[in-house]
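A.B. asks: Please work out how this folds:
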Amino acid sequence: MSRYLLPTDALWQGVVYGLEPSFVINAGSGEYLAESSPFFAAAPPSAALVAWSVIWVVIVLNLAVVALRRREL
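C.D. replies: Below you'll find the model as predicted:
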């Protein structure tokens, strides 16, 4: 549940998946060489989770703009 409230982990896993070199996955046996590493993602995040992450960032930025507009600088 917390993954949906604060989707930073999903964004991190997407970045890690995109940056992984192809030799990390052993194609012969189907086993992952770096499975225990926090810098490894076996699959990209789902499209729904990526969409929610984008919406979440827009919401947070809008809340920040509203909070800063009300503040006297």
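A.B. asks: rest of the way, CA atoms for contacts and neighbours
C.D. replies: Fine.
A.B. asks: Could I have the CA atoms of the worst-scoring helix or strand of the chain on mean pLDDT written out in PDB?
C.D. replies: When the helices and strands of the chain are scored by mean pLDDT, DSSP states H and E, helix 2-5 comes last with a mean of 73. Extracted in PDB, the C-alpha atoms of helix 2-5 (Å, rounded to 0.1, in the frame of the first residue of the first chain):
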ATOM      1  CA  SER A   2       2.800   2.400   0.800                       C
ATOM      2  CA  ARG A   3       4.200   1.900  -2.700                       C
ATOM      3  CA  TYR A   4       1.200   3.700  -4.100                       C
ATOM      4  CA  LEU A   5       1.200   6.500  -1.500                       C
END
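A.B. asks: residue contacts, G18?
C.D. replies: Under the criterion of CA atoms under 8 Å, 6 or more residues apart in numbering, the neighbours of G18 are P44.
A.B. asks: Now do it against P45, distance only.
C.D. replies: Relative to P45, G18 is positioned 10 Å away (CA to CA, to the nearest Å).
A.B. asks: So which other helices or strands are in contact with the helix or strand L63 falls within?
C.D. replies: Taking DSSP states H and E as the criterion, L63 maps to helix 47-70. Taking 3 or more CA pairs under 8 Å, 6 or more residues apart in numbering; DSSP states H and E as contact, the helices and strands that helix 47-70 lies on are helix 8-19.
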